[in-house]
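Chemist: coordinates only, no sequence provided:
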């Protein structure tokens, strides 16, 4: 009985071994190659697959997902003999498992070395300014170069990016000084433009102010002329009325003009800053008579009765409160 149990156990183990060697389960995202006596026959797809035990075996297990490959740092000389240090990162995907397994040995190393060589070729054909300013162009050229070289391997190069491009320290300092000088120049240009614009605005403001001032002077002159015209009209009308009164036989109307001139003359003398005393002419009595005539004229104009005109004081007269003394020039000075 014990021998039979051992036989059944051994038979079950052999059956399990045969089953496991006959059935292969491929994970998602992978493809396996099948070799029969060392020769490639077919590719197993993700899922459950059957092979012939003993005759067939699994060769290469390849990942069909997109993979990332770090490109080591290296020194590259540009077209204008500037040394830069650069590294990168490559993204690739296996699209043909058979060719990727049997066309090249160590696929990742081959892609890395191909990318390194292509980076030196692309950067070496460009100036330093182009290398630093046209990274998109560098990326496109490198991807196209590596993709064409790696296509026989069943590999698709999706992207090749530059992680860092570092010029020498002296070039970095020189570029920093150049950038600072350029920014200072731009700042000076902007400042000059601002000052120019401000000067233009100030000139426009002054021009507008002068125009408004001229307009104001013109308006004031117009108003002054209009006022003088109205004053002249009023004076002409007054003269006409006085003349009409004189023509009508009112002789005292003429005294209006005489009194007005005397008053204006005395006003000017009184307002003089260096005038200490006033020399009154001998005809002062005529001035007083003229003032009295103005009063009579005003009364007659208002409809009052006839009032005899006052008699002007003569020389040495005692009616007025002012005594008259003869002066050397023929005039009289009031004495207090």
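Modeler: Here it is on my side, so go on. It should be emphasised that the depicted structure is a prediction, and the values quoted were computed from it without experimental measurement. Residues are numbered from 1 along each chain as shown.
Chemist: so what's the residue count around residue 88?
Modeler: Using other C-beta atoms under 10 Å, the number of residues around residue 88 comes to 25. For the C-beta atoms, the positions are set from N, CA and C on the backbone; glycine is no exception.
Chemist: so how far is residue 165 from it?
Modeler: Computed as C-beta to C-beta, to the nearest Å, the residue 88 to residue 165 distance reads 9 Å.
Chemist: do residue 48 as well
Modeler: For residue 48 relative to residue 165 (C-beta to C-beta), the value is 49 Å.
Chemist: show me where this protein dips below the pLDDT cut-off.
Modeler: 1-2, 249-258, 260, 262, 266, 269-270, 272-336 (pLDDT under 70).
Chemist: centre of the chain to stretch 162-172, how far?
Modeler: 34 Å (C-alpha atoms, centre = their mean, to the nearest Å).
Chemist: buried stuff in stretch 57-66?
Modeler: For stretch 57-66, the neighbour count (16 or more other C-beta atoms under 10 Å) marks 57, 59-60, 62, 64 as buried.
Chemist: and that stretch, how far out from the chain middle?
Modeler: 60 Å.
Chemist: and for that stretch, what's in contact with it?
Modeler: 24, 29-36, 40, 44, 51, 91-95, 97, 100-102, 158 (C-beta atoms under 8 Å, 6 or more residues apart in numbering).
Chemist: narrow those to those in strands?
Modeler: 24, 30-36, 40, 44, 91-94, 158 (DSSP state E).
Chemist: where exactly do the strands run in the protein?
Modeler: Under DSSP E, the chain gives strands at 23-26, 30-36, 39-44, 47-50, 56-63, 67-77, 83-94, 155-166, 323-326, 332-335.
Chemist: in the first one, which residues are buried?
Modeler: By 16+ other C-beta under 10 Å, the buried positions in strand 23-26 come out as 24, 26.
Chemist: give me the neighbour count for residue 192.
Modeler: 10.
Chemist: can you report how many residues neighbour residue 182?
Modeler: With other C-beta under 10 Å as criterion, residue 182 counts 10.
Chemist: any idea how far residue 69 is from it?
Modeler: Distance from residue 182 to residue 69, by C-beta to C-beta: 39 Å.
Chemist: same check, this time on residue 215
Modeler: 81 Å.
Chemist: now residue 247
Modeler: In terms of C-beta to C-beta, residue 247 sits 128 Å off from residue 69.
Chemist: between the two, which one's more packed in?
Modeler: residue 69 (17 against 9).
Chemist: skip the chain neighbours and tell me the closest residue to the more buried one.
Modeler: residue 90 (4.5 Å; C-beta to C-beta, 6 or more residues apart in numbering).
Chemist: burial measure for the closest residue to residue 89 other than its chain neighbours, as a count.
Modeler: Distances taken as C-beta to C-beta, 6+ apart place residue 161 nearest to residue 89, at 5.3 Å, with adjacent residues excluded. Residue 161 has 14 neighbouring residues, counting by other C-beta under 10 Å.
Chemist: I figured residue 161 hits residue 140, correct?
Modeler: No. In terms of C-beta atoms under 8 Å, residue 161 does not count as a neighbour of residue 140; the distance is 11.1 Å.
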